[in-house]
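1. Starting from these lines, generate the structure:
(one chain, ligands or ions: 1)
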Amino acid sequence: MIEQLDRIEQDGLAALQNASDEASLEQWRVAHLGRSSPLMMVFAGLSKVSKEERPVVGKRANEVKQALEAALAERSAALREAALARALQAERLDVGLPGRPLAHGRLHPATQTLRRIYQVFAEMGFQVFRSREVETDEYNFQLLNFPPNHPARDMQDSYYIDTGKERGDNPVLLRTHTSPGQIHAMRHFAALDPANPPPIRIILPGMCFRYEQVSARSEIQFTQVEGLAVGARVTFGDLKGTISDFARRMFGQNVRTRFRASHFPFTEPSAEVDFECFVCGGEGCPVCKYSGWLEIMGSGMVHPNVLRNGGYDPERYSGFAFGMGPERLAMLLHRIEDIRYFWSNDMRFLEQF
Ligand code: DAH
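-> Below you'll find the model as predicted:
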């Protein structure tokens, strides 16, 4: 009996070595520990064993059972561990491998320049006032003191949306500059208190459109930033101070400004403003065409007719205005040679900013 149990144990342990997966382990369990296994037969036959031998055989049978069960548990754990190791090996990843770079968006160079301009003017107390891109002839020209056949209207050949015949010759067009925003803004603020309109200090940014021959220097669409200050005693000195301060805040403390007499229908007097070349510091370079100066903006004192059209009495109020092109500033800052890059959506250009 004891020898038989020894053999059952040895056979069982030996057979277990061949079980290499869940299914064969289960087969082994049925064969060696199952109800009709030789070991269970020994248990079943215990009653027929003599009284003297029974405790010895019973004890040994229990030992064998425990040994086989322990071996099964051990073998099964070992197989699970091996399977896990294989799975990990299969999913092995090389943490040293460089990742794929994420393509992230960025702000358009014109937007970056605009935001810089907003920031500088915000520091100087100017708010942003937005106005429409689609205008009437009245706002784009007439209220800004352009007489009907003024030659400046030829300068700004426009994209017309209709002829405006049915509205008393007041065609709708895409604005050719941000200056009509001056009228919208003045009318907006004057309406708050028509008897005593409040002072104004704003910039008006936005897209403008002109029907022009596209070239490296001129586009059919471009942004402008207009400035407008209106109050009881606004002087040309305020204009000069504001623009000079803007130049220094934008391009550095040593940048000088220069005002040259000019003409615009909506300002009187009018001036063209040059900034000392911030590329060469005034020494002369290709960017300033060796003049040391860069043409940056138009400006002037708001024409009395324009103030009146905005609801501000020119006897009591005065104001200054200016207008500039951020793309031109960005071109000068980044040495961009062709304005057509700005709105042609070429990633090779845009990714550089
Ligand atoms: N509107 C002018 C243009 O598009 C720019 C300009 C000049 C705006 C003088 C002004 C100004 O406000 O005072 O060329």
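2. State the distance from Ser215 to the ligand.
-> Going from Ser215 to the ligand by CB to the nearest ligand atom, to the nearest Å gives 17 Å. (Glycine included, C-beta is placed from N, CA and C.)
3. can you check Gly241 too?
-> 16 Å.
4. Ala15 too?
-> 97 Å.
5. and the closest residue to that residue other than its chain neighbours, what element?
-> Leaving aside its chain neighbours, Ala15 sits nearest to Trp28 (6.0 Å; criterion: CB to CB, 6 or more residues apart in numbering). Per DSSP states H and E, Trp28 falls inside helix 22-33.
6. what does that helix rub up against?
-> 8, 11-12, 15-16, 18-19, 37-40, 65, 68-69, 72, 75-76, 79 (CB atoms under 8 Å, 6 or more residues apart in numbering).
7. Can you tell me which of those residues are buried?
-> 8, 12, 16, 19, 37, 39, 65, 68, 72, 75-76, 79 (16 or more other CB atoms under 10 Å).
8. Show me which of these is closest to the ligand.
-> Leu79 (82.4 Å; CB to the nearest ligand atom).
9. For the closest one, list the residues it contacts.
-> 19-22, 25.
10. Which positions in the chain make contact with the ligand?
-> 177, 179, 226, 264, 267, 298-300, 321-323 (CB under 6 Å from any ligand atom).
11. Of those residues, which is the most crowded?
-> Ser179 (28 neighbours; other CB atoms under 10 Å).
12. In contact with the residue lying closest to it once chain neighbours are set aside, which residues?
-> Closest residue to Ser179 apart from its sequence neighbours, by CB to CB, 6+ apart: Leu144 at 5.5 Å. Residues near Leu144 by CB under 8 Å, 6+ apart: 179-180, 182-183, 265-266, 306, 309.
13. cutoff 6 Å now
-> 179, 266, 306 (CB atoms under 6 Å, 6 or more residues apart in numbering).
14. And the strands in this protein?
-> Counting by DSSP state E, one finds strands in the chain at the ranges 127-128, 134-136, 172-174, 200-209, 221-231, 257-264, 267-276, 293-302, 318-324.
15. okay, these in JSON lines with mean pLDDT next?
-> Listed next are the strands of the chain as JSON lines, based on pLDDT from 0 to 100:
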{"stretch": "strand 127-128", "mean pLDDT": "97"}
{"stretch": "strand 134-136", "mean pLDDT": "96"}
{"stretch": "strand 172-174", "mean pLDDT": "93"}
{"stretch": "strand 200-209", "mean pLDDT": "97"}
{"stretch": "strand 221-231", "mean pLDDT": "97"}
{"stretch": "strand 257-264", "mean pLDDT": "97"}
{"stretch": "strand 267-276", "mean pLDDT": "97"}
{"stretch": "strand 293-302", "mean pLDDT": "96"}
{"stretch": "strand 318-324", "mean pLDDT": "98"}
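16. domains in the chain, as residue ranges please.
-> As given by automatic domain parsing, the domain ranges for the chain are 2-90, 109-350.
17. re the thing from before, most neighbours out of the contacts of Leu79, which is it?
-> Result: Ala19 is most packed of those (other CB under 10 Å), 20 neighbours.
18. mind pulling up the phi and psi values for that residue?
-> phi -80, psi 120 (degrees, to the nearest 10).
19. Next one, pLDDT for it please.
-> According to the prediction, Ala19 has pLDDT 88.
20. Adding pLDDT, write the contacts of Leu144 out as CSV.
-> CSV is the format used below for the contacts of Leu144 (pLDDT from 0 to 100):
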residue, pLDDT
Ser179, 98
Phe266, 97
Val306, 98
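21. Narrow the residues you listed to those in helices?
-> Counting by DSSP state H, the contacts of Leu144 place Val306 in helices.
22. which non-adjacent residue is nearest Gln142?
-> Nearest one to Gln142, counting by CB to CB, 6+ apart, is Pro148 at 7.8 Å.
23. Sorry, wrong one. I was asking about Tyr139.
-> Pro180 (4.0 Å).
24. Tell me where the model's unsure across the stretch 51-200 of the chain.
-> Across the stretch 51-200 of the chain, the ranges flagged by pLDDT under 70 are 151-156.
25. can you list the contacts of Leu79 in a markdown table and add distance to Arg316?
-> Converted to a markdown table, the contacts of Leu79 look like this (distance: CB to CB, whole Å):
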| residue | distance to Arg316 |
| --- | --- |
| Ala19 | 104 |
| Ser20 | 101 |
| Asp21 | 98 |
| Glu22 | 97 |
| Leu25 | 101 |
